[in-house]
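> Generate a structure from the sequence data that follows.
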Amino acid sequence: MNILVIGGAGYIGSHVVREFLDKGCRVTVFDNLSSGLRDNLFPEAAFVYGDIVDYAGLSRVMRDAAASGCGGFDALVHLSAFKAAGESMIKPEKYSVNNISGAINILNAAVENGVMRIIFSSSAAVFGEPRYLPIDEQHPANPENYYGFTKLEIERFLGWYEKLKDIRFASLRYFNAAGYDVKGRVKGKEMNPANLIPIVMEAAAGLRNEVSVFGDDYDTPDGTCVRDYIHVNDLAAAHVQALDYIRKNGKSLTVNLGSEKGTSVFEVIETARRVTGKLIPTRIAGRRAGDPARLTASASYAREILGWEARHSDMETIIRTSWDVYK
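This is a model prediction of the structure:
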């Protein structure tokens, strides 16, 4: 198969590219390197520098693939959204242009050039405050930040393009992506990380003085927020399995991807101290608005329909593979 990975130089994208390459696929990466890194590009994959807000450039890379004699792209993977929830509440215009307008460009270019299978990187942020746990696919979607709103809107666009243009898609709702390639083949560190584990790794490596813990008075066993962390290799495998499902069944799907295990902020930090042997100073800060006490996924539907499982998502493996990069 011939796969276009939009955002394939990013943290998750590079792992997805590696997974498709390992399965023997031809892969082209399309990325503007605003957060992706050249260090994350693999020599076996073609690279095209471009931006999803540039419709002509998007269409050209798809058209050139069709004209190259390889039959064009069999599918594309969309991983090129901005993802900082806090920033989205301050700069909604930035997220509107890139996430929403960019997604529309991807859809229109795909339809124009006959790329009728799309794997979309969605998010648990579409759910908002949980009404029950674990969160399954039937949980009401009511995002509490603009980032989550953009992801939900893109899911709705995909549903309409399925009805009107006959595309098939998989919307993969990630919980907290973490860790690095278990074989050590991805080394590019995230730039300006906003997520807990890379921040903890930076503190362990001496790149920052401390880790801010946003609230220690939640209704959880140790007072800190509990989240569902999923290893990025497990996420990457789900992209390949989702595309296989679409090809074999001719149906779209929306699935949650999580480890189904909750880990608190303090538990993450204690695991990191044990694995790295570093002190990792912390500072208790005030709660952040919109942070629920607990978020955990039900991944039973992904197991049932894709045969997917979270094989590497224990916290020890997540921290160890992260430290192998940051140390």
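
> count of neighbours near the residue lying closest to residue 27 once chain neighbours are set aside?
Distances taken as CB to CB, 6 or more residues apart in numbering put residue 45 closest to residue 27, at 4.2 Å, once the chain neighbours are dropped. C-beta coordinates here come from the backbone N, C-alpha and C atoms, glycine included. By other CB atoms under 10 Å, 20 other residues sit near residue 45.

> same thing with residue 317?
Residues lying near residue 317 (other CB under 10 Å) number 18.

> distance of it from residue 179?
Distance of residue 317 to residue 179, computed by CB to CB, to the nearest Å: 7 Å.

> hey, what's in contact with both of those two?
Each of residue 231 lies in contact with both residue 317 and residue 179 under the rule CB atoms under 8 Å, 6 or more residues apart in numbering.

> Give me the secondary structure label for residue 177.
Of the three states, residue 177 takes strand under DSSP: H, G, I helix; E, B strand; the rest coil.

> tell me the contacts of it?
In this structure, residue 177 makes contact with 11-12, 195, 229-230, 232, 235, judged by CB under 8 Å, 6+ apart.

> So which of those are in strands?
When strands are assigned by DSSP state E, the members of the contacts of residue 177 inside them are 229-230.

> what's the closest of the contacts of residue 177 to residue 268?
Relative to residue 268, the closest of those is residue 229; by CB to CB it sits at 7.7 Å.

> That closest one - how many residues pack around it?
Other residues near residue 229 number 24, with proximity taken as other CB under 10 Å.

> Please apply the same query to the one 4 residues further on.
Counted with other CB under 10 Å, the burial measure for residue 233 works out to 24 neighbours.

> Residue 58 now?
Per other CB under 10 Å, the neighbour tally for residue 58 reads 26.

> before we move on, back to that, surely the residue nearest to residue 27 meets residue 16?
No: using CB atoms under 8 Å as the test, residue 45 is too far from residue 16 to be in contact (10.8 Å).

> Quick check: neighbours shared by the two?
Common neighbours of residue 45 and residue 16 (CB under 8 Å, 6+ apart) are 5, 8.

> Now do the contacts for residue 243.
By CB under 8 Å, 6+ apart, the contact list for residue 243 reads 1, 3, 75, 117, 119, 170.

> any idea of the pLDDT on residue 269?
Listed pLDDT for residue 269 reads 98.

> Provide the secondary structure category for the spatially closest residue to residue 98 that is not a sequence neighbour.
Nearest-residue entry for residue 98: residue 82, 5.2 Å, with adjacent residues in sequence omitted and distances by CB to CB, 6+ apart. Three-state assignment for residue 82 (three-state DSSP): coil.

> on that earlier part again, tell me the one among the contacts of residue 177 nearest to residue 223.
Of all these, residue 223 sits closest to residue 229, with 18.6 Å by CB to CB.

> what about the closest one, distance to residue 153?
For residue 229, the distance to residue 153 (CB to CB) stands at 26 Å.

> ok, now residue 215?
30 Å.

> With residue 104 instead?
Taking CB to CB, one finds residue 104 at 10 Å from residue 153.

> For the chain, which element, helix or strand, carries the lowest mean pLDDT?
Between all helices and strands in the chain, the lowest mean by mean pLDDT, DSSP states H and E belongs to helix 85-90, at a mean of 91.

> what comes up buried for that helix?
Using 16 or more other CB atoms under 10 Å as the burial criterion, the residues of helix 85-90 that qualify are 85, 87-88.

> Which other helices and strands does it contact?
helix 92-95, helix 146-165 (3 or more CB pairs under 8 Å, 6 or more residues apart in numbering; DSSP states H and E).

> Tell me what the nearest residue to residue 117 once chain neighbours are set aside is bridged to.
Ranked by CB to CB, 6+ apart and with sequence neighbours excluded, the top spatial neighbour of residue 117 is residue 75, at 3.8 Å. Beta-bridge pairing for residue 75 (DSSP bridges): residue 3.

> got a list of what residue 75 touches?
So residue 75 contacts 1, 3-4, 115, 117-119, 243, 246 (CB under 8 Å, 6+ apart).

> Repeat that for residue 236.
12, 15-16, 18-19.

> Could you single out the nearest of the residues you listed to residue 188?
Closest to residue 188 out of those is residue 15 (10.6 Å), distances taken as CB to CB.

> How about the closest one: what's its closest non-neighbour residue?
The shortest distance from residue 15 to any non-neighbouring residue, by CB to CB, 6+ apart, is to residue 236 (4.2 Å).

> about what we covered before: could you dump the contacts of residue 236 to a markdown table with distance to residue 50?
Shown next, in a markdown table, are these (distance: CB to CB, whole Å):
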| residue | distance to residue 50 |
| --- | --- |
| 12 | 19 |
| 15 | 21 |
| 16 | 18 |
| 18 | 21 |
| 19 | 22 |
